[in-house]
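1. How does the following fold in three dimensions:
(one chain, ligands or ions: 1)
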Amino acid sequence: MTTDIDNATEGEDALAARFPAGFTWGAATSSYQVEGATTTDGRGRSIWDTFVAEPGRVVDGSNGDKAIDSYNNIEGDVALVGELGLNSYRFSLSWPRVCPDGDSRVNRAGLDYYSALVDALLEADVTPWVTLYHWDLPQALENAGGWPKRDTAERFGEFARAAHAVLGDRVKHWITVNEPWCAAFLGYASGEHAPGRREPAASIAAAHHLMVGHGLAARAIKEADPASTVSIGLNFYPVYAASDTPADVDAARRIDGVQNRWFTDAALKGAYPEDIVEDFEAVTDFSFVEVGDMELINAPLDCLSVNFYSQFTVTAAEGGAASASAAPTNAGSPWPANEHIGFVTTGLPQTDMGWEIAPQGLTETLKRLHANYPQVTLAVTENGAAFPDKLVEGQVADSERLDYVRDHLEACADAIEAGVPLVGYFAWSLADNFEWAWGYTKRFGLVYVDFETGQRVVKDSGKWYGDLVRQARSNGEAK
Ligand code: IFM
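-> Coordinates of the predicted model:
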């Protein structure tokens with residue numbers, strides 16, 4: 001006779017067996033969301049420090065001043081990564097911690113923190129994956145015009161070089177820019193993210209300069225260490241039309257184009273998709289694109305980092321949520337050409353963000369990316385879900401998150417079996433943290449954090465993920 005628990009264990013063994021030896025198993029965080037210590041050891045001000053201080057920008061009026069205090073807790077956080085059995089950890093560098101004024105002056109104390117984190121990870125046999133830009137632009141660069149200005153991209157290339165000069169002997173996996181879609185369009189078009197500007201034309205220039213910055217950073221890292229793995233982190237969503245009317249089908253084309261093809265085609269084909277260029281021409285003349293930019297953006301990449309959470313269904317008809325703030329998802333309304341596109345729900349279960357749970361969309365996305373860009377390996381560098389967790393008698397029984405992670409890992413295994421060169425999976429996030437404009441109201445962690453005391457408790461989903469990872473890694477060693 002088997003019990004439910006036996007069945008669950010058999011299911012997990014079977015899932016673990018579907019991943020290849022050497023697979024990267026990780027969890028991810030980002031600097032502003034976890035570090036705190038925003039004025040410590042010479043860190044400069046970032047656009048998020050400014051943004052959160054403006055009334056109404058963050059739903060609970062909170063900020064990242066303390067976050068989950070990871071800056072002062074290297075040992076504890078690395079121990080958690082070890083407790084989960086992970087072989088990799090993805091974190092980002094705070095640019096203003098390294099370059100407080102965004103210029104060539106490097107703050108050695110800031111780099112010392114990352115150096116100590118890297119050493120602690122390596123000591124624990126955990127491979128660091130470092131993201132260079134996860135949205136905390138030095139305020140000094142925003143004061144000079146921000147990402148819509150080309151100079152910001154040049155400064156980013158210098159920052160990448162400086163960071164690599166200190167960490168590159170030990171860090172071999174680099175992600176240049178995380179989710180430029182959010183940085184450009186939520187930051188400069190819908191204004192929901194820092195710096196909170198609502199300037200459609202500038203947002204498209206920002207998107208371009210984020211990609212120029214990506215190219216400059218990729219080149220700097222590859223020049224310094226040709227053996228390193230360079231990647232860019234992009235967020236993908238399958239996009240469906242709400243109906244087969246030509247207007248809805250065109251709405252889906254436009255959202256798919258800006259969300260799934262704009263950055264990927266630039267990085268991996270060296271050209272922006274023509275249909276979206278035509279859409280954007282309604283608001284910009286592209287005079288910010290210089291000769292040689294597309295070749296630079298098309299710098300050889302080793303890996304494409306895939307962040308995946310949900311799917312979109314869109315309509316051109318009245319009745320859908322018309323803007324990012326009203327949308328059931330985080331989908332922005334980044335430029336006037338889509339101001340009549342709405343986002344509709346389809347009845348699927350949703351997370352606490354209101355994001356539909358659609359794991360088969362991850363398989364679909366990975367297969368599509370491999371078909372369109374066969375030259376790179378793929379890694380899922382973010383995947384996870386917010387739910388309103390409760391700590392009860394020392395336990396967080398987050399079965400919905402556990403199911404979410406398991407179903408998305410099944411989706412990854414399906415993609416691998418279909419021939420997709422998927423090399424890794426990072427859960428978002430290692431621990432509950434500051435969820436941008438949602439403050440501390442949304443919990444994504446595998447580890448629960450008491451935001452008052454900083455106490456960490458591994459949730460049931462984290463325990464489950466840890467067991468799966470240990471099983472998969474031991475299978476790999478036996479192979
Ligand atoms: O918390 C964010 C992360 O910073 C970027 N990707 C999406 C996550 C969940 O919203």
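2. Spatially nearest residue to the closest residue to the ligand within the stretch 201-350 of the chain, not counting backbone neighbours?
-> Ranked by C-beta to the nearest ligand atom, the top residue of the stretch 201-350 of the chain for proximity to the ligand is residue 307, at 5.4 Å. Heads up, the C-betas are built off the backbone N, CA and C, glycines and all. Counting by C-beta to C-beta, 6 or more residues apart in numbering, residue 307 lies nearest to residue 382, which is 3.7 Å off, once chain neighbours are set aside.
3. Measure how buried that neighbour is and give me the count.
-> Residue 382 has 23 neighbours, counted by other C-beta atoms under 10 Å.
4. residues contacting it?
-> Shown in contact with residue 382 (C-beta atoms under 8 Å, 6 or more residues apart in numbering): 28, 233, 235, 307, 308, 309, 426, 428.
5. Tell me where the model's unsure across this protein.
-> Low-confidence regions of the chain, defined by pLDDT under 70, span residues 1-10, 318-339.
6. Recalculate using a threshold of 90.
-> Across the chain, the ranges flagged by pLDDT under 90 are 1-11, 189-190, 200, 282-283, 316-344, 476-479.
7. who in this structure is up against the ligand?
-> Residues of the chain lying close to the ligand by C-beta under 6 Å from any ligand atom are 30, 33, 179, 307, 382, 428, 435, 444.
8. Measure how buried the last one is and give me the count.
-> This means residue 444. For residue 444, using other C-beta under 10 Å, the count is 27.
9. do residue 264 as well
-> Residues near residue 264, counting by other C-beta under 10 Å: 21.
10. give the contact list for the nearest residue to it once chain neighbours are set aside.
-> Nearest non-adjacent residue to residue 264, counting by C-beta to C-beta, 6+ apart: residue 234, 6.1 Å away. Residues near residue 234 by C-beta under 8 Å, 6+ apart: 179, 180, 181, 263, 264, 304, 305, 306, 307.
11. Also residue 171?
-> 118, 128, 130, 164, 228.
12. Secondary structure added to the residues you listed, as JSON lines?
-> Output for the contacts of residue 171, formatted as JSON lines (DSSP: H, G, I helix; E, B strand; the rest coil):
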{"residue": "118", "secondary structure": "helix"}
{"residue": "128", "secondary structure": "strand"}
{"residue": "130", "secondary structure": "strand"}
{"residue": "164", "secondary structure": "helix"}
{"residue": "228", "secondary structure": "coil"}
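13. For those residues, pick the one with the most neighbours.
-> residue 130 (24 neighbours).
14. Quick check: that residue vs the ligand, distance?
-> Separation of residue 130 from the ligand (C-beta to the nearest ligand atom, to the nearest Å): 15 Å.
15. Residue 267: what secondary structure?
-> With three-state DSSP as the basis, residue 267 sits in helix.
16. How many residues are close by it?
-> Neighbourhood size, residue 267 [other C-beta under 10 Å]: 25.
17. Return the member of the residues of the chain next to the ligand nearest to residue 198.
-> Nearest to residue 198, judged by C-beta to C-beta, of the residues of the chain next to the ligand is residue 179 at 19.1 Å.
18. who's in contact with that closest one?
-> Taking C-beta under 8 Å, 6+ apart as the test, what residue 179 contacts is 135, 233, 234, 235, 307.
19. about what we covered before: where does the residue nearest to residue 264 sit: helix, strand or coil?
-> With three-state DSSP as the criterion, residue 234 reads strand.
20. how about the contacts of residue 234 in CSV, adding distance to residue 313?
-> Listed next are these as CSV, based on distance: C-beta to C-beta, whole Å:
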residue, distance to residue 313
179, 21
180, 24
181, 18
263, 22
264, 21
304, 25
305, 25
306, 20
307, 19
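21. do you know how far the residue of the stretch 101-250 of the chain at minimum distance from the ligand is from residue 467?
-> For the stretch 101-250 of the chain, the nearest residue to the ligand under the criterion C-beta to the nearest ligand atom is residue 179, separated by 5.6 Å. Distance, residue 179 to residue 467, using C-beta to C-beta, to the nearest Å: 30 Å.
22. sorry, back to before: just the contacts of residue 382: which are in strands?
-> Those of the contacts of residue 382 mapping onto strands are 28, 233, 235, 307, 308, 426, 428, per DSSP state E.
23. Out of those, which end up buried?
-> When these are checked for burial by 16 or more other C-beta atoms under 10 Å, the buried set is 28, 233, 235, 307, 308, 426, 428.
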